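Peer 1: 3D, please:
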Amino acid sequence: MKQLICEMCGNSDLVKQDGVFVCQFCGCKYSVEEAKKMMVEGPVEVTGTVKVDNTDIIENVRKMADTAYLAESHEEAGNTYNRLLELAPNDYDALFKKGLCIVRSSKLNNIRSDEMINYSTLSLQAFDEQGHTIEEHGKRRVDMLSEINSAAFMVGVAALNYINDNWKVKSAHDTFWNIGFSSIAMFEYGKSLLDANDDYLMVDGATEIYKTVCKNISDMCDAVCEKRKYVASITDGGILGPLENKASIWLNDTLSANYRAKGHKALEDRNNLDDRFNKKKEALRIQKLKANPEELNKCLSRLSAEQKLLISKISELNEELNNLYEQKKNQELTQTANKFKLFGEAARIKKEATAKIQLLSSDIAKYEEEKDQTCKKLANVNAEIQSLSN
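Peer 2: The predicted model follows:
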């Protein structure tokens, strides 16, 4: 008996749809005329070693899956990514997007965030096994975090829309909390992708998306911990009609404390990010200098010269300050000696001393500020010299 065999993947499961034959495995389509030419009668015997190159098939299935994903047909895309994973089980992009499709096609009463996180972890493992550079690892994680943030934000918005529409029903608040917990879990997993190594923060866009995710975690934690109202009962209000008797409902104290702590931690990490970034940037700069002895020696020579200039400047400032403090002390003695003089020459001398003390105090403050700034610069130079010398 003759049967159709797909030229792309060798599968025999072809179904006629809308006037063309469609391979149910790879999705290739054939006209009726093409299908006639492809008919094979009886079993085909193949001898020897056959090497099957599935590259074209894989890319064709990937294209169909990505097209469905971009069109937000997530259930269809998920099924197509499944086909792709049958052909390439360790395809990290298919693994990741399969997880996103699962959560984006979830029902509100069952947000499958755990499955998304599991597929994301498998995707990272598959990516790690391919031996990428640290920069490539960082870029991959930033891209993943951006997608996860979008999906988690979608879930968070769904949670808020749900409770805004159903707040009167007491049991609806449990559903709202569960959806919110799923959103937070996704945000936190995404954030952990960059927390794993500060090198990842050096990738373009890393700090921006990290700060966004931290803010989203905080906002969602506040939302699930918020005290809300529901309708506890309805009574007859006579001519006023039915009256809704409202009561308050909130997350239990243990969970509330836990999620408030999560929110505070996220904001703390957001506020500390710039410091983490700058420290890592400086560490990488020093590492690069140490790898180039010629540039390192030039840098140390420059820092040594700057160090000497700063020490000399501090010495000059100390000398000037000692002089100003001495002048001020003398004027204070003059002021004290004429403290009770209200008229005549002594009063004039006291007045002049008071004015000079004010001017000297202003000059002293300026020199002290300049000295403080110079000392800070010197401390930074000393620290850099020590780092480069170790």
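Peer 1: helix or strand: which one has Cys221?
Peer 2: Here Cys221, judged by DSSP states H and E, is contained in helix 206-225.
Peer 1: so which elements touch that helix?
Peer 2: Contact partners of helix 206-225 among helices and strands, from 3 or more CB pairs under 8 Å, 6 or more residues apart in numbering; DSSP states H and E: helix 134-166, helix 170-195, helix 253-290. In short, each C-beta sits where N, CA and C put it, glycine included.
Peer 1: who's in contact with it?
Peer 2: Taking contacts as CB atoms under 8 Å, 6 or more residues apart in numbering, the residues outside helix 206-225 that touch it are 138, 142, 145-146, 149, 152-153, 156, 159-160, 176-177, 180-181, 183-184, 187-188, 190-191, 194, 200-201, 250-251, 256, 259-260, 262-264, 266-267, 269-270, 273-274, 277.
Peer 1: looking at the helices and strands packed on helix 206-225, which is buried most?
Peer 2: Each of the helices and strands packed on helix 206-225 was given a mean neighbour count from mean count of other CB atoms under 10 Å, and the largest, a mean of 21, is that of helix 170-195.
Peer 1: can you name every helix or strand that that one contacts?
Peer 2: Helix 170-195 sits against helix 113-128, helix 134-166, helix 206-225, strand 228-236, helix 253-290, with contacts defined as 3+ CB pairs under 8 Å, 6+ apart.
Peer 1: ok, back up a step: mind checking the helices and strands packed on helix 206-225 for the one nearest to Phe96?
Peer 2: Each of these was scored for nearness to Phe96 using CB to CB, and the closest is helix 134-166 (6.3 Å).
Peer 1: pLDDT weak spots in the stretch 51-200 of the chain?
Peer 2: Confidence mapping of the stretch 51-200 of the chain against pLDDT under 70 gives the ranges 51-53.
Peer 1: do that again at 80, thanks
Peer 2: Filtered on pLDDT under 80, the stretch 51-200 of the chain yields the residue ranges 51-54.
Peer 1: so the helix holding Cys221 versus helix 170-195, what angle?
Peer 2: Here helix 206-225 runs at an angle of 160 degrees relative to helix 170-195 (axes from the mean of the first three to the mean of the last three CA atoms, to 10 degrees).
Peer 1: what's the offset of helix 206-225 from the middle of its chain?
Peer 2: 9 Å (CA atoms, centre = their mean, to the nearest Å).
Peer 1: distance to His74 added to the helices and strands packed on helix 206-225, as a markdown table?
Peer 2: Putting the helices and strands packed on helix 206-225 into a markdown table (distance: least, CB to CB, whole Å) gives the following:
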| stretch | distance to His74 |
| --- | --- |
| helix 134-166 | 10 |
| helix 170-195 | 15 |
| helix 253-290 | 27 |
